[in-house]
Structure formats: C-alpha cells, structure tokens
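Show me how the following folds:
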Amino acid sequence: MNKSLGLCNTRVESESADAVHAALEPASAAPAAPGVGRLKLLRASIMLLLTVMAGCAVGPDYKQPKVETPKNFSSEDSAYAAELPVAQFWNVFDDATLNALESYALRTNHDLRIALANLNQARALRRESQFDQLPTLGVQAAHSKARISADQSSDGRPVSSELNTGSFDAFWELDLFGRVRRNVEASRASEEAVAADLHALQVSVAAEVARNYFELRGAQEQFAVAQRNAENQTQTLHIAQVRLDAGRGTEFDTARAQVLLNNTLSTLP
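Take a look at the predicted model:
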C-alpha cells in the first residue's frame with residue numbers, strides 16, 4: 001500500500017506541476033482579462049483533484065500467476081488422464097458397489113457438510129459485497145387508527161381518527177477510490193478458495209472410501225484363497241495318512257502335511 005501511494009504521489013506531483021504551469025504560463029506572456037487568471041487557476045485545481053482521485057485507487061489490479069501443469073499424470077493412454085473428472089475417478093473401475101459407497105459418503109460425510117456450509121457463507125458474503133455497488137433504497141409505511149369514546153370527547157360524541165404515514169430514502173456510495181470494487185474482488189477470491197477446499201475434501205473422502213474398499217476386497221480374496229488352500233491341504237493330509245496306514249508312506253510326509261495345514265488355518269480369522 002505504501003509503494004502504491006508513493007507512485008501515486010510522484011505521478012500526481014508531476015502531472016499537477018505540468019497542469020499548473022500550463023495554466024499560469026500564458027498569464028505571464030500577455031495581459032489577461034479580469035477573472036481569466038482565477039478561472040485558469042480553478043481549472044488547474046480541478047485537474048489536480050481529478051488526478052489525485054484517479055491515481056490513488058485502493059491497491060493494484062490482481063494478476064493471476066501462470067502455473068504450468070502436465071496434461072497427463074503418466075501417458076496419453078492412461079486411465080487417470082487429466083481430462084477425466086477428478087471428483088468421479090472411481091467410475092473407471094465400473095464397480096456398482098463402489099459407486100454406491102462413494103455416493104453415500106459424499107452425501108452424508110459430516111466434514112463435507114461443514115465445508116458446504118462454509119461455501120454457502122462465502123457466497124452470501126460475496127453477494128452482500130456486490131450490493132454495495134448499487135443504490136440502497138429504504139421505504140417505510142405506517143398506519144394507525146384511534147377512537148375516543150363519548151365519555152372522553154369534549155362534545156359527548158365518539159371520535160375516530162386514522163393516520164397513514166410513509167417515507168422513502170436512497171443512498172449510493174460513489175466508488176471513486178475502488179474500495180467497493182476491491183471488496184467484491186476479495187469476496188470473490190475467498191469464495192473460490194472455499195470452493196477449492198470443498199472440492200479437495202470431496203476428492204480426499206472419495207479416495208479414502210476407495211482405498212478402504214480395495215483393502216476389503218483384497219482381504220476377502222486372501223481369505224478365499226486361504227480357505228481353498230486349507231481344503232486342498234486337508235485332502236493332502238488325508239492322502240498322506242492313508243498312505244501311512246497302508247505302509248506306502250512315511251510319518252515325515254504326514255507330519256509335514258499337518259504342519260502346512262496348521263499354518264494355513266492360523267491365517268484364517
């Protein structure tokens with residue numbers, strides 16, 4: 001703010017000096033008519049005032065920084081290309097159960113509800129700041145009715161009276177220095193930041209649901225494989241025991257089959 005004001009003062013001084021010099025120079029060259037010098041001085045003062053008002057706007061214009069981002073995360077044929085909607089990345093797996101879980105989580109997550117409430121608040125503040133750019137109108141109206149009984153009336157007759165009042169006022173702040181404009185820009189930027197936080201939280205919740213779902217599916221597959229291994233090893237132990245009873249096998253084969261079966265059973269819940 002100090003830097004911008006310093007530039008403003010320098011520009012104002014140079015322009016105002018030129019304006020005053022241009023206004024007063026002809027007066028020294030030739031005799032001026034009565035009142036002409038005052039008119040030129042007034043004109044120079046008005047130019048100086050307008051220069052100050054135009055050059056001292058509140059803050060510089062915002063310029064969005066350029067950030068280069070890759071078009072794809074890995075390759076052109078990747079399933080996770082940037083063109084796909086990031087907030088619905090789970091659709092590429094074509095799993096109805098996962099889709100239902102993601103939809104339920106995004107609807108009922110408490111943190112997402114808080115983030116959505118913050119976004120609605122930011123939008124309301126942005127709309128409220130935009131109202132300052134328009135005139136403020138106020139209208140008031142009132143109606144009153146009174147009745148005086150015959151006992152209280154001076155002429156002994158009841159008296160009725162009605163009173164209707166109304167008022168209208170208007171107020172409009174001229175945004176000469178850009179205060180309202182900068183306030184609207186700041187409110188809009190805050191709204192965009194809160195919206196980005198909401199989208200990031202949505203992606204985080206969706207990613208957490210997907211990770212837990214895949215871990216569950218992996219554990220289920222491991223359990224199914226362990227069950228099939230236990231069934232096969234049970235049959236192998238039975239065959240080893242039959243061979244041992246028939247004198248065709250050894251106790252080592254039977255013991256080894258029993259140990260393998262016990263190890264597999266220990267991994268089952």
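
Any regions of the stretch 1-150 of the chain where pLDDT drops low?
1-37, 48-60, 62, 69-87 (pLDDT under 70).

switch to 90 and redo it
For the stretch 1-150 of the chain, applying pLDDT under 90 flags the ranges 1-94, 102-103, 105-113, 115-116, 125, 127-150.

For it, just list every one of the helices.
2-29, 36-55, 96-108, 110-131 (DSSP state H, counting those that start in this stretch).

How many residues are close by N183?
By the measure other C-beta atoms under 10 Å, the count of residues near N183 is 19. For the C-beta atoms, the positions are set from N, CA and C on the backbone; glycine is no exception.

Could you give me the buried positions within stretch 218-233?
Within stretch 218-233, the residues that count as buried by 16 or more other C-beta atoms under 10 Å are A226, N229, A230, Q233.

Farthest pair within those?
Greatest spatial distance in the buried residues of stretch 218-233: A226 and Q233, 10.2 Å, computed using C-beta to C-beta.

Residues in contact with both of these two, list them for me.
T264 (C-beta atoms under 8 Å, 6 or more residues apart in numbering).

what are the bridge partners for G166, then?
Residues in a beta bridge with G166, per DSSP bridges, are A141.

Which neighbouring elements make contact with the longest helix along the chain?
Ranked by number of residues, the top helix in the chain under DSSP state H is helix 179-245. Applying 3 or more C-beta pairs under 8 Å, 6 or more residues apart in numbering; DSSP states H and E, one finds that helix 179-245 contacts helix 96-108, helix 110-131, helix 251-266.

Out of the ones you listed, flag the one nearest N212.
Closest to N212 of the helices and strands packed on helix 179-245 is helix 96-108 (C-beta to C-beta; 8.8 Å).
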